[in-house]
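Colleague: Following is a predicted model, sequence given first.
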Amino acid sequence: MAEGRRVAIIGLDSVPTSMLFGKLLDRLPNLKRMYERGLHAELRSCDPPITIPAWMVMMTGMKPGPLGIYGFRHRKEHSYSEGYIVSSNQVREETVWEALGRSGKRSIVIGVPPGYPPKRSPNVSMVSCLLTPGLDKEFAYPPELKQEVLRLSADRYEFDVTFRTEDREELKRQLFEMTRRRFDVAEGLAKEKSWDFFMMHEIGFDRLHHAFWKYFDPAHPKFVEGNPYRFIDEEYYRMVDERIGRLLQVFGEGCLTFVLSDHGSMGMEGAFCVNQWLEKEGYLAFRNRPKVVTELDKADVDWGRTRAWGWGGYYARIFFNVKGREREGIIEPGDLQREKDGLASRLRTITDDAGEPMKNVILDPETLYGKAVGDKPDLMVYFDDLKWRSAGTVGHDSMYLHENDTGPDDSVHSMDGVFLMYDPKRDMKGKDLGKLQIQDIGPTLLSLYGLQARPGIDGRLIREVVEAW
């Protein structure tokens, strides 16, 4: 890496290639220039393709299994009902900026999840992420950085918005305001501070897609022509494109810039009631079956007769009731693999509400990752290759819902995010690198600084990127 040259990452959560490289590219002048003069690719996410753990997979080069992070919320040990939200404290692998800090390189990191509480790392200026409870908390390191963030955002910095709401107009206002403030802070810190590596994360795209996909996508099952948010996707993407153009000016000619997303998005077909199906199949038993919609941990489950239950979300997490592991376990440990295989076979036969086959993907963390630590599920299920959510609640009239059971939601996650690399000093002719792997980003970034990732990580170098630099 030439002396004085820098690397910047603009992280856009949940942006699919269909939007950034397809539908909207011609309306985004700054990103189109980067696309046409740089390198681009589909960036395959991790399993599962969830914000947490995906950004840490990207920045450590480790898959979710070795990280021990499988989503925002985790089951607490082997409890039937207790859980916890992942924080920065669960990330024990070294990130790109921590490795750079050890070598004397200075980094600015804004909002990369899970980033709360902000870790104390040498040569790193860090602003915490969407998990931050509020501005009254210590959300920056070093501590004095908090005042800089507040100054640059006019004391109105926002970490996230409440996106599962029917008040879409207020959400739109908050969403655009949050993103503008984030870029205000990013631009200000990039101008005012000395740095070798810069990274920001914007959660707004994820919130836009979840809250408004049915309004701007004519292919969505619930699309209504002539609705007031028909072009909100273009409006938001154009706003961010303009701010990216401003950031590129701040970064200067000597900065290699990446635009990356952790996974993609697509319209939601519906939600499949996994626990009601497990009851029907004889895996889950109730003392008193709920007559109204009820969260499973509040239902009267007969654990002494229950073999398996599931969690809701963009994918299903299945847990087995194992003797000696769960409090009222009934499956002999030696029978667990047979139970997994049997349930996986049944899950593959599930059809959609029209009786059509679903492409249900069933993954076993123990075999998927090679090493799976922490509070992991026994099985992971993508209903119809992620097109259907998993609904964990019970008491519904049908196993097929056409709304999310935890609040309004129009989209689900897809596997492929975006990779875009731009060097203002070179024309790389918009070369398409095909499909890259998310865990390869971290070690590749380190190589740009002449550093090697530690042995044993999952990621590998992306040769085309290293050679282009």
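Modeller: Ah, there it is.
Colleague: wait, K429 sits on R37?
Modeller: Yes: applying C-beta atoms under 8 Å, one finds K429 in contact with R37, separated by 7.4 Å. For the C-beta atoms, the positions are set from N, CA and C on the backbone; glycine is no exception.
Colleague: Distance check, F72 against L150.
Modeller: 26 Å (C-beta to C-beta, to the nearest Å).
Colleague: for S103, same thing?
Modeller: Note on S103: its distance to L150, by C-beta to C-beta, is 31 Å.
Colleague: higher neighbour count, the two?
Modeller: L150 (16 against 13; other C-beta atoms under 10 Å).
Colleague: and the more buried one, what does it touch?
Modeller: 135, 157 (C-beta atoms under 8 Å, 6 or more residues apart in numbering).
Colleague: now M59, nearest residue through space, not along the chain?
Modeller: T95 (4.6 Å; C-beta to C-beta, 6 or more residues apart in numbering).
Colleague: Now for the one you found: which residues touch it?
Modeller: Neighbours of T95 in contact, by C-beta under 8 Å, 6+ apart: 56, 59-60, 442.
Colleague: Distance check, K214 against R426.
Modeller: For K214, the distance to R426 - C-beta to C-beta - is 41 Å.
Colleague: Spit out the contact partners of the closest residue in space to F72 that isn't next to it in sequence.
Modeller: Closest residue to F72 apart from its sequence neighbours, by C-beta to C-beta, 6+ apart: I52 at 5.0 Å. Contacts for I52 (C-beta under 8 Å, 6+ apart) come out as 69, 71-72, 86, 113-114.
Colleague: let's see 6 Å
Modeller: 72, 86, 113-114 (C-beta atoms under 6 Å, 6 or more residues apart in numbering).
Colleague: By neighbours, which of those residues wins?
Modeller: P113 leads the contacts of I52 on contacts (other C-beta under 10 Å) with 28 neighbours.
Colleague: Now do the SS call for it.
Modeller: With DSSP: H, G, I helix; E, B strand; the rest coil as the basis, P113 sits in coil.
Colleague: Would you state the helices of the stretch 151-300 of the chain in chain order?
Modeller: When secondary structure is read from DSSP state H, counting those that start in this stretch, the stretch 151-300 of the chain shows helices at 168-192, 204-216, 232-251, 274-280.
Colleague: Can you tell me which of the ones you listed is packed in deepest?
Modeller: Mean neighbour count (mean count of other C-beta atoms under 10 Å) peaks for helix 204-216 among those, with a mean of 24.
Colleague: what about dumping the CA coordinates of that one to PDB?
Modeller: Taking Å, rounded to 0.1, in the frame of the first residue of the first chain, the C-alpha atoms of helix 204-216 are listed here in PDB:
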ATOM      1  CA  GLY A 204     -31.600   2.900   7.100                       C
ATOM      2  CA  PHE A 205     -31.800   0.700   4.000                       C
ATOM      3  CA  ASP A 206     -32.800  -2.300   6.100                       C
ATOM      4  CA  ARG A 207     -35.600  -0.200   7.700                       C
ATOM      5  CA  LEU A 208     -36.700   1.200   4.400                       C
ATOM      6  CA  HIS A 209     -37.000  -2.300   2.900                       C
ATOM      7  CA  HIS A 210     -38.800  -3.800   5.900                       C
ATOM      8  CA  ALA A 211     -41.300  -0.900   6.200                       C
ATOM      9  CA  PHE A 212     -41.900   0.100   2.600                       C
ATOM     10  CA  TRP A 213     -41.200  -2.800   0.200                       C
ATOM     11  CA  LYS A 214     -44.800  -3.500  -0.600                       C
ATOM     12  CA  TYR A 215     -45.300   0.200  -1.600                       C
ATOM     13  CA  PHE A 216     -42.500   0.400  -4.200                       C
END
